[in-house]
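Engineer: Prediction below, plus the sequence it came from.
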Amino acid sequence: MTTNNSQRIHFIAIGGAAMHNLALALHHKGHQVSGSDDEILEPSRSRLKAYGLLPEKEGWQPELLSADIDAIILGMHARADNPELIRAKEMGLKIYSYPEYLYEQSKDKIRVVIGGSHGKTTITSMILYVLKQVGIDFDFMVGAKLEGFDTMVRLSEAPVIILEGDEYLSSPIDRRPKFHLYQANIGLISGIAWDHINVFPTFDSYLEQFRIFADQIPRTGKLIYCLQDAEVKKVVDDSVTPAEKIPYSIPTHEIRNGVTWLKTSKGEIDLQIFGEHNLMNLEGARNVCNQLGVSDQQFYDAIRTFKGAARRLEVLGRNVQLAVFKDFAHSPSKLKATTEAVHRQFQDRTLVACMELHTFSSLNEDFLDQYKGAMDGADIGIVYFNPHTIAHKKLKPISQERVKQAFGNQGLKIYTDSNRLFDDLLAMDPRGKVFLLMSSGNFDGISLEDFSKKLIEKTESATAH
């Protein structure tokens, strides 16, 4: 497909999850897209290759740049001394960060921005799912691959765009948080819990980013917020935004036979998702959808079939004796909420909860104490970390005893070898258990899908005998 408005766009660090999806979206829109990266992993590699966008070789290639390039999009993975970036500056080419470019493409649309330390992807996914079911045309950017959507980014002539609003930095040369650049018309804040210690060394410096986000919303806009998060409530109460402020909280519900039922003015609604965090996310999504012309009846009719975003309490396998979930949870608040939600949903089962310390913040000894009590909702709690990852991030080594002390739970099992960890998990009798595997990484290459299959086979084999 080509258009009269076709542009030449070059991506520096095209292999990132967000970057390669934007590259695909612009290719689908008819633009000429090129890019480079020093490493491109799956699934980015296969997806770029399928559309002829995979660079011929890995590495930075300043010689690819020419005066007829309309826009350079700079990924966070690139460094400030990147040779292509230096060359682009010398040539006077227009350089955008990822969020800057998204704003440029959507400045004439209604911009809905979902912010918060946790729940962003799920709320955004819920909104996209409902709008698609209802038949409203929209553009979007979301941080996870969603069932029924080919890419994580869409740019078209739609009048509205839904943006997952990350508070992390925009690019190596733009230290502003991404969600500031989108200039929300409708903004949502789901929760605030200190993260990104490498960028925001104090909680107040982190909190300040949400204050700025709230204050940016114009008089004609809406600020939707989670009333039950004390930090969010304070930010919104203190905000100078002239926009209407719309609170939400946990809706009335009941758990029956492992299924959560919403009690609404439209009757009882059975859900595929569960947990108080997810129910709050649902209420946030409902309020946003209301602002976009979706009635409560339409919302409830659609959301009852929503299964969740990828890696957000995703079911890997289950039968009558066993359930296996994986979740992206890694921050202390999300870890605690996810563990407690699964425990509450399966009160007659033994909960085996296993998390990986993987991010810069989680492996930083100065941040570790934030995890106090985060795994107390598990019957069997396990924490895994790889000392090589700590060394790679140039952080101070931490001991297994220090991790136990930080979590405040002497019953925790600590592992530093993922193969041994999963061998021990497989050695358990899986019957009557729920396994919850939480990480923003991948337990150093362990296939959680294969692990789940083996557990399922083990329960079936035990039952047959």
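Structural biologist: All right, it came through fine. Just so it is clear, the structure is predicted and the values come from calculations on it, not from any experiment.

Engineer: Where does pLDDT dip in the stretch 51-200 of the chain?
Structural biologist: Applying pLDDT under 70 to the stretch 51-200 of the chain flags no residue at all.

Engineer: can I assume Leu223 is in contact with Lys233?
Structural biologist: No: with contact defined as Cβ atoms under 8 Å, Leu223 does not reach Lys233; the gap is 11.8 Å. C-beta here means a position set from N, CA and C on the backbone, and glycine is covered the same way.

Engineer: More neighbours: which of the two?
Structural biologist: Neighbours per residue, other Cβ atoms under 10 Å: of Leu223 and Lys233, the larger number sits with Leu223, 24 against 16.

Engineer: OK, contacts around the more buried one?
Structural biologist: Gly187, Leu188, Ile189, Ala214, Ile217, Val236, Ser239, Thr241, Ala243, Glu244, Lys245, Ile246 (Cβ atoms under 8 Å, 6 or more residues apart in numbering).

Engineer: and Glu90, how many neighbours?
Structural biologist: Using other Cβ under 10 Å, Glu90 is surrounded by 10 other residues.

Engineer: Just the buried residues of the host helix or strand of it, please?
Structural biologist: In this assignment (DSSP states H and E), Glu90 forms part of helix 83-91. For helix 83-91, the buried set under the neighbour-count rule, 16 or more other Cβ atoms under 10 Å, comprises Pro83, Glu84, Leu85, Arg87, Ala88.

Engineer: now stretch 124-140
Structural biologist: Result for stretch 124-140 [16+ other Cβ under 10 Å]: buried residues 124-134, 136, 138-140.

Engineer: buried ones in stretch 237-248?
Structural biologist: Ser239, Thr241, Ala243, Ile246, Tyr248.

Engineer: swap that for stretch 399-415, sorry
Structural biologist: Going by 16+ other Cβ under 10 Å, stretch 399-415 has these buried residues: Val403, Lys404, Ala406, Phe407, Asn409, Leu412, Ile414, Tyr415.

Engineer: could those residues go into CSV alongside distance to Gln32, secondary structure and pLDDT?
Structural biologist: Below are the buried residues of stretch 399-415 laid out as CSV (distance: Cβ to Cβ, whole Å; DSSP: H, G, I helix; E, B strand; the rest coil; pLDDT from 0 to 100):
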residue, distance to Gln32, secondary structure, pLDDT
Val403, 50, helix, 94
Lys404, 55, helix, 94
Ala406, 51, helix, 95
Phe407, 51, helix, 96
Asn409, 55, coil, 92
Leu412, 53, coil, 95
Ile414, 51, strand, 96
Tyr415, 49, strand, 97
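
Engineer: residues making contact with the helix holding Glu90?
Structural biologist: 12, 36, 60-62, 64-65, 67, 72, 74, 78, 95, 172-173.

Engineer: do stretch 410-425 as well
Structural biologist: 352, 354, 375, 380-387, 400, 403-404, 435, 443-446, 451.

Engineer: low-confidence ranges in the stretch 301-450 of the chain?
Structural biologist: In the stretch 301-450 of the chain, residues with pLDDT under 70: 310-311.

Engineer: Leu426: which element?
Structural biologist: Assigned by DSSP H and E, Leu426 falls in helix 418-427.

Engineer: Quick one: name whatever helix or strand follows that helix.
Structural biologist: strand 433-438.
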